[in-house]
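J.: test case, fold it:
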Amino acid sequence: MEYQIPQFIEVEDKIFGPFTLKQFIYVAGGVGLCAIVLLYLPLWLGVIIGLPVGLLTLALAFYKINNKPFVEIMEAAFNYYIGDRLYLWKKEKNQVDAPVIVKPADPAKLGLTQSKLKDLAWSLDIKDRENNNPA
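T.: Below you'll find the predicted structure:
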């Protein structure tokens with residue numbers, strides 16, 4: 001038996017002409033609200049209130065940010081602004097001491113003479129060559 005596997009399941013069905021159900025609800029609600037505002041308020045006030053409502057309606061119905069619907073972006077912003085935030089900061093008292101100056105050790109104080117230093121450098125150089133060339 002062969003079964004057909006549904007493809008393009010991320011694409012919503014177009015129910016009302018070119019609109020999906022969500023888009024139709026947003027547009028119908030926004031147009032209805034704008035009509036009520038324009039009918040019951042003076043024209044200048046109706047336009048001032050209706051213009052942002054119309055823009056929000058269009059954004060909710062059609063605008064996507066990073067392939068996410070605008071309503072999800074608004075929900076995330078709302079949850080961010082009303083959510084609790086935890087800020088942790090522990091101030092540490094740093095006592096500034098006088099800078100410590102470290103001087104290199106004097107080879108004479110360590111009991112090393114010039115000839116001993118040359119012998120030590122020679123032996124290290126030979127051991128280094130022996131380790132790198134295992135012939």
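
J.: stretch 19-35: which residues count as buried?
T.: Neighbour-count burial for stretch 19-35 flags 19, 23, 24, 26, 27, 30, 33, 34 (criterion: 16 or more other Cβ atoms under 10 Å). All C-beta spots, glycine's among them, are computed from the backbone N, C-alpha and C.

J.: so who does the last one touch?
T.: In this case it means residue 34. Contacts here follow Cβ atoms under 8 Å, 6 or more residues apart in numbering; on that basis residue 34 touches 50, 53, 54, 57.

J.: pipe the buried residues of stretch 19-35 into TSV and attach distance to residue 122 per row.
T.: Written out in TSV, the entries for those read as follows (distance: Cβ to Cβ, whole Å):
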residue	distance to residue 122
19	87
23	84
24	89
26	85
27	88
30	88
33	92
34	93
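
J.: now, these that are in strands?
T.: The subset of the buried residues of stretch 19-35 located in strands under the criterion DSSP state E comprises residue 19.

J.: picking up where we left off before, among the contacts of residue 34, name the ones in helices.
T.: 50, 53, 54, 57 (DSSP state H).

J.: if I look at the residue positioned nearest the centre of the chain, how far off is residue 115?
T.: Closest residue to the average C-alpha location of the chain: residue 66 at 12.7 Å, with Cα atoms, centre = their mean. Note on residue 66: its distance to residue 115, by Cβ to Cβ, to the nearest Å, is 72 Å.

J.: in which helix or strand does the residue located most distally from the centre of the chain reside?
T.: Distance from the C-alpha centroid of the chain, by Cα atoms, centre = their mean, peaks at residue 115 (62.0 Å). According to DSSP states H and E, residue 115 maps onto helix 114-132.

J.: check residue 61 too.
T.: In this structure, residue 61 sits in helix 43-62 according to DSSP H and E.

J.: buried residues, that helix. List them.
T.: Neighbour counts over helix 43-62 (16+ other Cβ under 10 Å) mark 46, 50, 53, 54, 56, 57, 59, 60, 61 as buried.

J.: swap in stretch 61-79?
T.: With burial defined by 16+ other Cβ under 10 Å, the residues of stretch 61-79 counted as buried are 61, 69, 70.
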